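S.K.: sequence unknown, structure follows:
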């Protein structure tokens, strides 16, 4: 079973920030949080990952709570092309054991 | 650089036929993964390889499924005999090192078994 819990769907207005939450209350100290997204009929695409500190790249920002039991993926200015299913995954950084994609969050960006 | 290349992109076959899906990982990547995606079950990890050696095949659903990686640039997923419930999109992904975390996925092979 997936180790994360995400809302099944969310809407976001185009141009606004999309904040996608993820609960991983059983995360272990050596497990990273990864985010992927899957645009319809394409293969999943890596977005970002982090361990403890907040992370930012050209696609998104990742905010991890201090207790690491939850995180938020932020798309600062959502566009229609960001409409996709977003997956939050936790795993040990040195192992691919049981890398499981849950159902994810289906994000719809509304014009 | 070319990404992960999968073939065929679409396959329609009849129940009982053998199906072979192919994957070429990104050059230099040490890890290769096979996933299956259906509406009912989402993305399921079937098997993964490290340096051409199968590491975990616990996700392979039945003995009808087999996967090989004869060299670092090629892997196959075979279903024999195929059944309608095998209809799904099969994704191959590769990765350089576990520490980087990033899996690079191919575009998938959509299999329909009639």
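M.R.: Arrived safely. Predicted, not measured: the structure shown is a model, and the values here were computed from it.
S.K.: When you work out contacts or count neighbours from here on, use the C-alpha atoms and nothing else.
M.R.: Will do.
S.K.: how close does residue B:27 sit to chain A?
M.R.: Going from residue B:27 to chain A by Cα to the nearest Cα, to the nearest Å gives 18 Å.
S.K.: so where's the chain shaky on pLDDT?
M.R.: Assuming you mean chain A. Low-confidence segments of chain A (pLDDT under 70): A:1-2, A:93-99.
S.K.: You answered for a different chain; I wanted chain B.
M.R.: By pLDDT under 70, the low-scoring segments of chain B are B:1, B:98-101.
S.K.: Is the spatially most central residue of it within a helix or a strand, and which one?
M.R.: Central residue of chain B (Cα atoms, centre = their mean): residue B:34, 3.2 Å from the mean position. Under the criterion of DSSP states H and E, residue B:34 resides in strand B:31-38.
S.K.: Not counting its neighbours along the chain, what's nearest residue B:52?
M.R.: residue B:69 (5.3 Å; Cα to Cα, 6 or more residues apart in numbering or on different chains).
S.K.: related to what we said a few turns ago, so what touches the strand holding residue B:34?
M.R.: For strand B:31-38, the external contacting residues (Cα atoms under 8 Å, 6 or more residues apart in numbering or on different chains) are B:25, B:42-52, B:77, B:87-97.
S.K.: Can you report how many residues neighbour residue A:6?
M.R.: By other Cα atoms under 10 Å in any protein chain shown, the residues close to residue A:6 number 18.
S.K.: Now it. Nearest residue, chain neighbours left out?
M.R.: Nearest-residue entry for residue A:6: residue A:22, 5.0 Å, with adjacent residues in sequence omitted and distances by Cα to Cα, 6+ apart.
S.K.: Beyond the strand holding residue B:34, next helix or strand please.
M.R.: Sequence order places strand B:42-50 as the next helix or strand after strand B:31-38, per DSSP H and E.
S.K.: can you pull the contacts of the closest residue to residue A:103 other than its chain neighbours?
M.R.: Once flanking residues are discounted, residue A:103 sits nearest to residue B:42: 6.2 Å by Cα to Cα, 6+ apart. Residue B:42 makes contacts with A:101, A:102, A:103, B:36, as judged by Cα under 8 Å, 6+ apart.
S.K.: ok so, going back, which stretch of helix or strand covers the residue nearest to residue B:52?
M.R.: strand B:65-71.
S.K.: list the helices and strands the next helix or strand after that strand packs on?
M.R.: Note on strand B:65-71: by DSSP H and E, the next helix or strand toward the C-terminus is strand B:74-79. Packing partners of strand B:74-79 (3 or more Cα pairs under 8 Å, 6 or more residues apart in numbering or on different chains; DSSP states H and E): strand B:19-24, strand B:65-71.
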